[in-house]
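Student: model this:
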Amino acid sequence: MTYYVVFEGRVPGVYEEWEDCKKHVHKFSDNCYKGYPTRHEVVAKWRKHQSNKSKMKMKTFVVLSLTIVTAVLYFILV
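Tutor: Next comes the predicted model:
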């Protein structure tokens, strides 16, 4: 049996059937999915993907916050 993980699609997540996976990636531009032989591998890849996604959100937030603080300080000091 093959398990699937949809990283980018209509509904990202883990799927046990190809037909379920296909519904979420077929005709979806920039889809990203992959099949794995064990459920353990799929869940591990999904968790790693979610963790990386959270880290990217945090980095974006920090950069945006620093940019705003810099702009505010610039206008206060100038």
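Student: just the buried positions in the biggest helix by length in the chain, please.
Tutor: Ranked by residue count and defined by DSSP state H, the top helix of the chain is helix 39-77. By neighbour count on 16 or more other CB atoms under 10 Å, the buried set for helix 39-77 is 42, 45-46, 49. Every C-beta, even on glycine, is put in place using the N, C-alpha and C of the backbone.
Student: centre of the chain versus it, how much separation?
Tutor: In terms of CA atoms, centre = their mean, to the nearest Å, the gap separating the centre of helix 39-77 from the centre of its chain is 12 Å.
Student: now that helix: average pLDDT?
Tutor: In this model, helix 39-77 has a mean pLDDT of 89.
Student: ok, now how distant is the residue sitting nearest the centre point of the chain from residue 23?
Tutor: Nearest to the mean C-alpha position of the chain, counting by CA atoms, centre = their mean, stands residue 53 at 4.7 Å. Distance of residue 53 to residue 23, given as CB to CB, to the nearest Å: 22 Å.
Student: next: residue 43.
Tutor: Taking CB to CB, one finds residue 43 at 20 Å from residue 23.
Student: what's the answer for residue 1, then?
Tutor: Distance of residue 1 to residue 23, computed by CB to CB: 18 Å.
Student: ok, now residue 51?
Tutor: Taken as CB to CB, the spacing of residue 51 relative to residue 23 amounts to 26 Å.
Student: residue 25 - nearest residue in space that isn't next to it in sequence?
Tutor: residue 31 (4.0 Å; CB to CB, 6 or more residues apart in numbering).
Student: quick check: the one you found touching residue 5?
Tutor: No - checked against CB atoms under 8 Å, the pair residue 31 and residue 5 is beyond contact range at 11.8 Å.
Student: who's more crowded, those two?
Tutor: residue 5 (23 against 16; other CB atoms under 10 Å).
Student: doesn't that one lie inside a strand?
Tutor: Yes - applying DSSP: H, G, I helix; E, B strand; the rest coil, one finds residue 5 inside a strand.
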